[in-house]
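**Student:** Take this sequence and fold it.
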Amino acid sequence: MTAIRRTTRLSRLAAVGVASTASVLLLAGPAFAHVSVQPVGPAAKGGYATVNIKVPNERDNASTVKLEVTFPVKDHPLTSVMPQPIPGWTVKVEKAKLDKPLKVHGKEIKEAVEKITWTGGKVGPGEFQQFPLSLGQLPEDADKLVLKAVQTYDNEEVVRWIEEPKEGQPEPKTPAPVLKLTAPAGDGHGAPAADGKAASASDSASKGGDSDKKTTAAAADSSDTTARVLGIVGIIVGVAGVAFGVLAGRRRAA
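**Tutor:** Modelled structure (predicted):
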């Protein structure tokens with residue numbers, strides 16, 4: 001009877017140690033990736049930019065077969081949205097009429113791209129796909145551009161990445177891709193400034209981009225190091241729990 005109790009106590013202590021390890025490792029694990037928009041170089045207000053819509057597959061039993069990206073045509077219409085061809089994917093561009101026509105380079109623009117849809121391809125489990133776009137003119141009166149996305153899997157599951165993140169609040173469960181805009185370059189319209197100012201702005205933007213990349217890399221390294229440390233701590237806690245159980249059992253047996 002005593003042996004049975006001792007075995008039960010050891011089992012409970014071991015379970016606590018394993019649970020501690022699992023919880024810490026769970027916390028240290030990477031967060032799920034979301035559909036996001038990533039600029040290739042600066043995305044300056046009033047200018048043009050090339051961006052990638054990055055779509056990771058978050059399912060291990062289904063493939064992504066469709067992506068829809070909606071643009072804020074009413075608040076911040078873009079007069080030029082051009083997708084880059086992707087082998088295996090068919091792209092459809094839909095436009096909407098503007099309530100108030102825009103004038104760009106002396107031309108009157110009466111409609112703007114409202115939605116782009118990619119179909120025909122496949123993003124398998126454990127994979128991601130980038131959908132390149134050329135955008136412009138970017139708004140001059142905004143700090144960001146929200147591009148809502150809808151991801152469809154071949155098992156008919158649909159994930160709507162449409163919740164706009166709010167500053168100072170927790171990230172939504174399905175956040176919409178957000179393109180952050182930088183300060184205007186040149187004359188604010190993507191054109192070169194006089195007296196070599198454009199070159200200076202370009203150099204500064206380039207250096208700023210390098211700095212951002214270094215900062216991002218440093219942050220990623222720090223996050224990875226933290227995750228590893230937490231994982232090791234969890235393992236140590238688990239082992240300590242098991243060892244404590246064994247020692248406690250031996251002392252009672254003595």
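
**Student:** Show me where the protein has its helices.
**Tutor:** Counting by DSSP state H, the chain has helices at residues 2-28, 197-253.

**Student:** State the mean pLDDT of the longest one.
**Tutor:** Regarding helix 197-253, the rounded mean pLDDT is 47.

**Student:** same thing with stretch 112-122?
**Tutor:** Average pLDDT, stretch 112-122: 97.

**Student:** Pull out the buried positions in that stretch.
**Tutor:** 112, 113, 114, 115, 116, 117, 118, 121 (16 or more other C-beta atoms under 10 Å). Bear in mind the C-beta positions are built from the backbone N, C-alpha and C, glycine included.

**Student:** Just put these in a markdown table and tack on distance to residue 39.
**Tutor:** Formatted as a markdown table, the buried residues of stretch 112-122 follow (distance: C-beta to C-beta, whole Å):
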| residue | distance to residue 39 |
| --- | --- |
| 112 | 20 |
| 113 | 18 |
| 114 | 21 |
| 115 | 20 |
| 116 | 17 |
| 117 | 22 |
| 118 | 19 |
| 121 | 23 |
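
**Student:** export stretch 49-69 as PDB, just CAs?
**Tutor:** Extracted C-alpha coordinates of stretch 49-69, given in PDB (Å, rounded to 0.1, in the frame of the first residue of the first chain):
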ATOM      1  CA  ALA A  49       6.100  51.700 -54.100                       C
ATOM      2  CA  THR A  50       6.500  48.100 -54.800                       C
ATOM      3  CA  VAL A  51       5.200  45.800 -52.100                       C
ATOM      4  CA  ASN A  52       4.700  42.000 -51.500                       C
ATOM      5  CA  ILE A  53       1.500  40.600 -50.100                       C
ATOM      6  CA  LYS A  54       3.000  37.700 -48.100                       C
ATOM      7  CA  VAL A  55       0.600  34.700 -47.600                       C
ATOM      8  CA  PRO A  56       1.700  31.900 -45.300                       C
ATOM      9  CA  ASN A  57      -0.300  28.700 -45.100                       C
ATOM     10  CA  GLU A  58      -1.400  28.200 -41.500                       C
ATOM     11  CA  ARG A  59      -3.000  24.800 -42.000                       C
ATOM     12  CA  ASP A  60      -1.300  21.400 -42.000                       C
ATOM     13  CA  ASN A  61      -4.100  19.700 -43.900                       C
ATOM     14  CA  ALA A  62      -5.100  22.200 -46.600                       C
ATOM     15  CA  SER A  63      -3.700  24.400 -49.200                       C
ATOM     16  CA  THR A  64      -4.300  28.100 -50.000                       C
ATOM     17  CA  VAL A  65      -5.900  28.400 -53.400                       C
ATOM     18  CA  LYS A  66      -7.300  31.900 -53.500                       C
ATOM     19  CA  LEU A  67      -6.400  35.400 -52.300                       C
ATOM     20  CA  GLU A  68      -8.500  38.500 -52.400                       C
ATOM     21  CA  VAL A  69      -7.000  41.900 -51.500                       C
END
